[in-house]
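Peer 1: Output the structure for:
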Amino acid sequence: MYNAMRMMKFAFMAMAAMLLATPAFAQAAAEPVSHWWVSIGGGIGMALAAGLCGIGQGRATASATEALARNPGARPGIFTFLILGLAFIESLALFTFVIIFLKVK
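Peer 2: Prediction:
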C-alpha cells in the first residue's frame, strides 16, 4: 500500500513539473488563442481537484467520526475544526473551478 501511494506521489509530482515547465517555452502571441487542449486540460484539472478534495473530505470526516467515538465529550472542538477543515478543502476545488473558468474561453 505504501509503495502504491509513493508511486502516485511521484506520478503527480512529475505531472505537475511537466505542466509548470510548459510556460517557459511559450512565445508571446499577438492575440490570445484558445486551443482545444486547454479545454481538455481544464477538464482533467477539475476532475483531479474534485476527486482529491472528495478523498480529503472523506478522510477528514472519518477521522472526526473516530475521534468522536473515542471521546464524545470533545464534540464542540472536533466539530469546529471539522467544519473549518472541510471549508478549506472545498475552497481548493472552488479556486480550481474559478481558475479554469477564467482560463478556458
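Peer 1: how about the helix or strand residue 94 falls within: buried residues?
Peer 2: Taking DSSP states H and E as the criterion, the element that holds residue 94 is helix 75-103. Within helix 75-103, the residues scored as buried using 16 or more other C-beta atoms under 10 Å are 78, 82, 85-86, 89, 93, 96, 100. For glycine as for every other residue, the C-beta is placed from the backbone atoms N, C-alpha and C.
Peer 1: Check stretch 40-55 too.
Peer 2: For stretch 40-55, a neighbour-count test (16+ other C-beta under 10 Å) marks 41-42, 45-46, 49, 53 as buried.
Peer 1: Secondary structure, pLDDT and distance to residue 9 added to these, as TSV?
Peer 2: What follows is the buried residues of stretch 40-55, written out as TSV (DSSP: H, G, I helix; E, B strand; the rest coil; pLDDT from 0 to 100; distance: C-beta to C-beta, whole Å):
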residue	secondary structure	pLDDT	distance to residue 9
41	helix	85	21
42	helix	85	23
45	helix	87	18
46	helix	88	21
49	helix	89	17
53	helix	91	17
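Peer 1: Pick out the residue nearest the middle of the protein.
Peer 2: Note on the chain: the residue nearest the mean C-alpha position is residue 49, at 3.4 Å, using C-alpha atoms, centre = their mean.
Peer 1: who's in contact with the closest residue to that residue other than its chain neighbours?
Peer 2: In space, and not counting its chain neighbours, residue 49 is closest to residue 96: 3.8 Å by C-beta to C-beta, 6 or more residues apart in numbering. Residue 96 makes contact with 45-46, 49, according to C-beta atoms under 8 Å, 6 or more residues apart in numbering.
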